[in-house]
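Student: missing the sequence, but the structure's below:
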């Protein structure tokens, strides 16, 4: 019987699925709760429409994720002739992982980073910055690409978009309720309705914000794991992460804010805030990631009895 | 990949498919009679070496095992620029079956130690009288073959590759997706 060196991480799976369940429950609670309140105020028909519109916005974001992200990063798709080493690495990793080869892009910017996006593994694009190409060795860059390909294989763009749909709906309601409260008819019933809606959506938005960030951190850890198992070189990913985190902290502040919108899809976040950092971070701490990689390294090196 | 693996972010590197390699000897005869391509007697396995003592020990044992054979083939280990290890054996060009058995020893040893997911491809080079070389490449994860015929740095003879595919279509599972016909430029034996 062939042995497997793939360690199960039940704790991470349980935490991740719990967060996803909570986000789903939050969405349902928001819609049902609002329908209940709204029917009392005579706006019953409005809530399902807002819910559907929110899902529509999320769907649109997911459907066009590759184009939007490439444009936001000013990245260009490159052919195998233009970037033979990069394509060679991705070819090999895709052959190892038995997944379709994504398109490859390069963004001309000095921030060392990489991201993967796209609505499905067939329509995915993996993009690296020229900064990361200059900073990392070939081995480390391969580890980063394996991490990004794992995001593609795990369909993380879809998962995160679905996860954030409760937040999107709540955000739309927040604006709608404010607008309605200002412009709406002045009878007591609808004023109360808009007030309650505003409070509910603010609360839901806040909860959803923290939960999606939590989920994002778990997905990063899962991608680290899968990437390390794909290359068999957890140490290369570890040193790449150390280099990238160190490099990001020394980049001027102006460049960092410019890439704010893309943060959730990066391999390491470009913004390092101080307050509430651990709760709102899109990525787990370097210590956490290195600890997991060390465990995988130990398992891969364990002599078979 | 299933829904559960997507939800949990738990994709494993797929295991290697080792069976189709034993169909190579009969395919070699087809290539010889049909296209005049003969095996060069080389064959190599390309895999990703893991760090740590477990892998080093296993690799040393495999090399020793191959060399313990009375008609021991020459065994070489080299690492390419992408960080993959090529273990190549050079034996009797007439004995393709023997070469395949040697390759199978490598494959099963890697798999038994839990390193099967690190297997990338196997390459069996062929050459014709005019000196053209073409490698028959087996992709472990897809379980399919394709031909790779380099003619110079970063240049490959696509026509010859497609001819080989058509010649072997009835005997071997050939890779239908041309995008997966990965270029292995610095492969040993080509």
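Tutor: Received, thanks. Note that the coordinates shown come from a computational prediction; the quantities given were computed from them, not determined experimentally.
Student: What segments of the chain are helices?
Tutor: Since you didn't name a chain, this refers to chain A. Here chain A has its helices, by DSSP state H, at A:10-41, A:46-63, A:65-72, A:84-97, A:130-135, A:138-153, A:156-163, A:165-183, A:188-231, A:234-249, A:253-258, A:277-280, A:286-301.
Student: right idea, wrong chain: chain B
Tutor: Under DSSP H, chain B gives helices at B:3-8, B:24-35, B:53-67, B:96-112, B:158-168.
Student: coming back round to it: ranking the helices of chain A by burial, who's on top?
Tutor: helix A:138-153 (a mean of 25; mean count of other CB atoms under 10 Å in any protein chain shown). C-betas here are computed from N, CA, C, even on glycine.
Student: Could you check the angle that helix makes with helix A:156-163?
Tutor: Going by axes from the mean of the first three to the mean of the last three CA atoms, to 10 degrees, helix A:138-153 is angled at 40 degrees with respect to helix A:156-163.
Student: Check what pLDDT the closest residue to residue A:205 other than its chain neighbours gets.
Tutor: The shortest distance from residue A:205 to any non-neighbouring residue, by CB to CB, 6 or more residues apart in numbering or on different chains, is to residue A:170 (4.0 Å). Confidence at residue A:170, expressed as pLDDT, is 85.
Student: just to revisit the earlier point, pipe the helices of chain B into TSV and attach distance to chain A per row.
Tutor: Shown next, in TSV, are these (distance: least, CB to the nearest CB, whole Å):
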stretch	distance to chain A
helix B:3-8	5
helix B:24-35	19
helix B:53-67	5
helix B:96-112	5
helix B:158-168	14
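Student: out of those, which comes closest to residue A:235?
Tutor: Relative to residue A:235, the nearest member of those by CB to CB is helix B:53-67, separated by 13.1 Å.
Student: Which neighbouring elements make contact with the closest one?
Tutor: Here helix B:53-67 touches helix A:286-301, strand B:74-79, strand B:85-90, helix B:96-112, going by 3 or more CB pairs under 8 Å, 6 or more residues apart in numbering or on different chains; DSSP states H and E.
Student: The third one pairs with which strands?
Tutor: For strand B:85-90, the paired strands and their directions (DSSP bridges) are strand B:42-47 (antiparallel), strand B:74-79 (antiparallel).
Student: Show me what residue of the stretch 201-305 of chain A gets nearest to chain B.
Tutor: residue A:301 (2.1 Å; CB to the nearest CB).
Student: And the residue of chain B that's closest to chain A?
Tutor: Closest point on chain B to chain A, by CB to the nearest CB, is residue B:52, at 2.1 Å.
Student: That residue: neighbour count?
Tutor: 18 (other CB atoms under 10 Å in any protein chain shown).
Student: and the spatially closest residue to it that is not a sequence neighbour, what does it touch?
Tutor: Nearest non-adjacent residue to residue B:52, counting by CB to CB, 6+ apart: residue A:301, 2.1 Å away. Going by CB atoms under 8 Å, 6 or more residues apart in numbering or on different chains, residue A:301 touches B:50-55.
Student: repeat for residue B:5
Tutor: Counting by CB under 8 Å, 6+ apart, residue B:5 has contacts A:154, B:11.
Student: And the pLDDT for residue B:11?
Tutor: pLDDT, residue B:11: 73.
Student: right, I mislabeled it, should have said residue B:79
Tutor: 90.
Student: pretty sure residue B:93 is in contact with residue B:37, am I right?
Tutor: No: here residue B:93 does not reach residue B:37: they are 11.6 Å apart, not a contact under CB atoms under 8 Å.
Student: So for those two, which sits in the more crowded spot?
Tutor: residue B:37 (26 against 15).
Student: Skipping adjacent residues, who's closest to that one in space?
Tutor: Using CB to CB, 6+ apart, the closest residue to residue B:37 is residue B:126 (4.0 Å).
Student: Is there a neighbour count for the one you found? I'd like the number.
Tutor: 26.
Student: from what I can see it touches residue B:42, true?
Tutor: No: at 9.8 Å, residue B:126 does not count as touching residue B:42 under the criterion of CB under 8 Å.
Student: between the helices of chain A, which one is nearest to residue B:9?
Tutor: helix A:188-231 (3.2 Å).
Student: name the helices or strands packed onto the closest one?
Tutor: helix A:10-41, helix A:84-97, helix A:138-153, helix A:156-163, helix A:165-183, helix A:234-249, helix A:277-280, helix A:286-301.
Student: still on that earlier bit, my guess is the residue nearest to residue A:205 meets residue A:31, correct?
Tutor: No: Residue A:170 lies out of contact with residue A:31 (CB under 8 Å); the separation is 10.4 Å.
Student: Serialize the helices of chain A to CSV and add fields for distance to residue B:164.
Tutor: Shown next, in CSV, are these (distance: least, CB to CB, whole Å):
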stretch, distance to residue B:164
helix A:10-41, 45
helix A:46-63, 41
helix A:65-72, 35
helix A:84-97, 19
helix A:130-135, 35
helix A:138-153, 29
helix A:156-163, 39
helix A:165-183, 50
helix A:188-231, 30
helix A:234-249, 35
helix A:253-258, 51
helix A:277-280, 56
helix A:286-301, 37
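Student: Lowest average pLDDT across those helices?
Tutor: helix A:253-258 (a mean of 48).
Student: show me what contacts the residue nearest to residue B:162 when sequence neighbours are not counted?
Tutor: Excluding the flanking residues, the one nearest residue B:162 by CB to CB, 6+ apart is residue B:147, at 7.9 Å. Contact partners of residue B:147, counting by CB under 8 Å, 6+ apart, are B:134-137, B:160-162, B:164-165, B:181.
Student: Could you find the residue nearest the spatial middle of chain B?
Tutor: residue B:122 (0.7 Å; CA atoms, centre = their mean).
Student: Identify the residue nearest residue A:162 in space, chain neighbours excluded?
Tutor: In space, residue A:162 is closest to residue A:58, 7.0 Å off (CB to CB, 6+ apart).
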